[in-house]
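sequence plus the predicted model coming up.
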Amino acid sequence: MIALDTNLLVRLIVQDDEAQARAVERLFIKARRDQTPLFVSDVVLCELAWVLVRRLKINRADIADALDHILRTELVVVADAAAASRAVAAYRNGRGDFADYLIREHALLAEAGDVVTFDRTLKGESGFRVL
């Protein structure tokens, strides 16, 4: 298994550095040929969403599509695919950041109550309680 860093996924999605994007594509092709799983951590998913929205100003729908695509990519492994998919769906239609929804999914899996936050954008969202 190979763990991927955020910058590889950014290059692949944004295609802002041709040489690096091709290198990542070759890595994916080799992994597919060798049947080597590619691990993408929750931190990488959150950082990717943050970079795409905050640094590159990509819209929420396109970010959700990119995250969905990563989760559906052959040989990509995440800690909990179902939780990540639910977080992407909530992010697509919600007001919070992707990380907020992934935190909520993990809280639910841990049988915790609401996620308590100061983030007012989450007021009224299921699974969150704003102090």
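On my side now, so go ahead. Numbering: from 1, shown residues only.

what's stretch 119-126 in contact with?
Contact with stretch 119-126 is made by 94-96, 100, 115, 128, 130, as judged by CB atoms under 8 Å, 6 or more residues apart in numbering. The way it works is simple: take the backbone N, C-alpha and C, and place the C-beta from them, glycine included.

hmm, try it at 6 Å
Outside of stretch 119-126, the residues within contact range by CB atoms under 6 Å, 6 or more residues apart in numbering are 95-96, 128, 130.

for that stretch, which residues meet the burial criterion?
122, 125 (16 or more other CB atoms under 10 Å).

thinking again about what came up before, by neighbours, which of the contacts of stretch 119-126 wins?
For those, the largest neighbour count, defined by other CB atoms under 10 Å, is 21 neighbours, found at residue 128.

which residues does residue 128 form beta bridges with?
Counting by DSSP bridges, residue 128 forms beta bridges with residue 115.

for residue 42, give its distance to residue 48.
Look at residue 42 and residue 48: by CB to CB, to the nearest Å, they are 11 Å apart.

when those two are compared, which one has more neighbours?
Set residue 42 next to residue 48 and count neighbours by other CB under 10 Å: residue 48 wins out with 24 against 18.

I figured the more buried one hits residue 7, correct?
No - counting by CB atoms under 6 Å, residue 48 sits too far from residue 7 to count as a contact (9.3 Å).

among the contacts of stretch 119-126, which lie within strands?
Of the positions in these, 128, 130 sit in strands, assigned by DSSP state E.

adding pLDDT and distance to residue 120, write the contacts of stretch 119-126 out as JSON lines.
Shown next, in JSON lines, are the contacts of stretch 119-126 (pLDDT from 0 to 100; distance: CB to CB, whole Å):
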{"residue": "95", "pLDDT": "95", "distance to residue 120": "10"}
{"residue": "96", "pLDDT": "97", "distance to residue 120": "10"}
{"residue": "128", "pLDDT": "97", "distance to residue 120": "10"}
{"residue": "130", "pLDDT": "97", "distance to residue 120": "6"}
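
including distance to residue 122, could the contacts of stretch 119-126 go into CSV?
What follows is these, written out as CSV (distance: CB to CB, whole Å):
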residue, distance to residue 122
95, 7
96, 5
128, 4
130, 6
